[in-house]
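K.L.:
for reference, the sequence and a predicted model appear below.
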Amino acid sequence: MTDTVFGKIIRGEIPCNKVYEDEKVLAFLDINPLAEGHVLVVPKEAAETLDLLSDESAAAIGRVLPRLCRAVVAATGVKEYNVLENNGQGAHQAVPHVHFHIIPKPNSREGLGIGWPARGLEREAAASLARRIAGAIA
Ligand code: AMP
């Protein structure tokens, strides 16, 4: 696991605009927001991608995420928002330390823009794929 800018923020080596902290989680304003109120929610555990995160840190994030979403909505007055978590460079992850974005969507110009290249699902292939995924859950 390489050291990252979020590791430095968690250790207090570089500053951030903190909005929340507990034993396992830190949340702060994104330095280049897509909209006012864009917050990053970061586990203190230095996992690169979500699949590598411990159940304990995942639970700590899950416990606080809805509360932080409510706070962002209350503070910005913007009711609509996206929660985004990128894993891997090809999936737009720039900082290799797990982080959830809370991104207010005030209008069609600001906030997250999403490409959604949906396609069809073939019945038998879907059933087989669902079985493979279910069987891979550790
Ligand atoms: P991602 O593409 O999901 O890895 O997102 C990384 C995010 O981290 C981007 O939205 C950046 O603007 C944000 N970011 C990078 N450095 C900092 C920093 N020092 N403080 C706050 N946010 C940062």
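P.N.:
The structure has been received and is ready for your questions. As the structure is a prediction and not an experimental result, all values here were calculated from the model.
K.L.:
tell me the residues of the protein that contact the ligand?
P.N.:
Contact residues, the chain versus the ligand (Cβ under 6 Å from any ligand atom): 5, 16, 30-32, 40, 86, 92-95. Yep, even glycine has a C-beta here, placed from its N, CA and C like the rest.
K.L.:
could you rerun that using 8 Å?
P.N.:
5-6, 9, 14, 16-17, 28-34, 38, 40, 84-86, 92-96, 99, 101 (Cβ under 8 Å from any ligand atom).
K.L.:
please produce a PyMOL select command covering the buried subset of these.
P.N.:
Entered in PyMOL, the line below selects the buried ones among those, by 16 or more other Cβ atoms under 10 Å:
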select buried, resi 6+9+16+28+30+33+34+38+40+86+93+96+99+101
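K.L.:
where does residue 1 land on pLDDT?
P.N.:
For residue 1, the model assigns a pLDDT of 61.
K.L.:
what helix or strand does residue 79 sit in?
P.N.:
Under the criterion DSSP states H and E, no helix or strand holds residue 79.
K.L.:
hang on, isn't it packed against residue 69?
P.N.:
No: with contact defined as Cβ atoms under 8 Å, residue 79 and residue 69 do not form a contacting pair (10.5 Å).
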